[in-house]
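S.K.: Attaching a predicted model along with its sequence, questions to come.
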Amino acid sequence: MTAELDKSWRRVVAKAWADAAFKERLLDDPEGVLRAEGLVLPAGRTARVIEAGPDEALFVLPPQPAAHGGPAAEEERISPIMI
């Protein structure tokens with residue numbers, strides 16, 4: 001995650017914590033809400049936002065390198081996203 005994207009995402013999270021209606025929209029229509037907040041996804045990508053419980057750690061299982069661009073960007077894809 002780039003620094004700019006990370007900063008934007010943190011802003012969205014803070015807004016979701018402060019505004020229950022915004023949070024519901026984010027969970028129901030993540031792509032629309034993220035786009036409205038200036039987080040643009042690469043062409044062909046979709047977004048899914050999952051709300052973690054207070055006692056959960058979420059890990060993202062990335063696609064295999066051969067399926068998406070080969071080993072050149074492997075390290076970026078393998079970097080875990082944990083909340």
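M.R.: Received, thanks.

S.K.: Every contact and neighbour count from this point should use C-alpha atoms.
M.R.: Noted.

S.K.: If we go by neighbour counts, what in the longest helix anywhere in the chain is buried?
M.R.: When the chain is parsed with DSSP state H, its longest helix is helix 3-18. Buried residues in helix 3-18, defined by neighbour count with 16 or more other CA atoms under 10 Å: 9, 12, 16.

S.K.: Pull the residues that contact that helix.
M.R.: For helix 3-18, the external contacting residues (CA atoms under 8 Å, 6 or more residues apart in numbering) are 22, 23, 26, 34, 37, 38, 39.

S.K.: Any chance of a markdown table for the residues you listed, columns neighbour count and secondary structure?
M.R.: Converted to a markdown table, the contacts of helix 3-18 look like this (neighbours: other CA atoms under 10 Å; DSSP: H, G, I helix; E, B strand; the rest coil):
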| residue | neighbour count | secondary structure |
| --- | --- | --- |
| 22 | 16 | helix |
| 23 | 20 | helix |
| 26 | 20 | helix |
| 34 | 18 | helix |
| 37 | 13 | coil |
| 38 | 12 | coil |
| 39 | 17 | coil |
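
S.K.: which one of those residues sits closest to residue 48?
M.R.: Residue 48 lies nearest to residue 26 out of the contacts of helix 3-18, by CA to CA, at 9.2 Å.

S.K.: And residue 18, how close does it get to residue 12?
M.R.: Applying CA to CA, to the nearest Å, the value for residue 18 to residue 12 is 10 Å.

S.K.: Below-threshold pLDDT in this protein: ranges please.
M.R.: Applying pLDDT under 70 to the chain flags the ranges 1, 67-83.

S.K.: Per the annotation, how does it divide into domains?
M.R.: For the chain, automatic domain parsing gives the domain ranges 1-50, 52-83.
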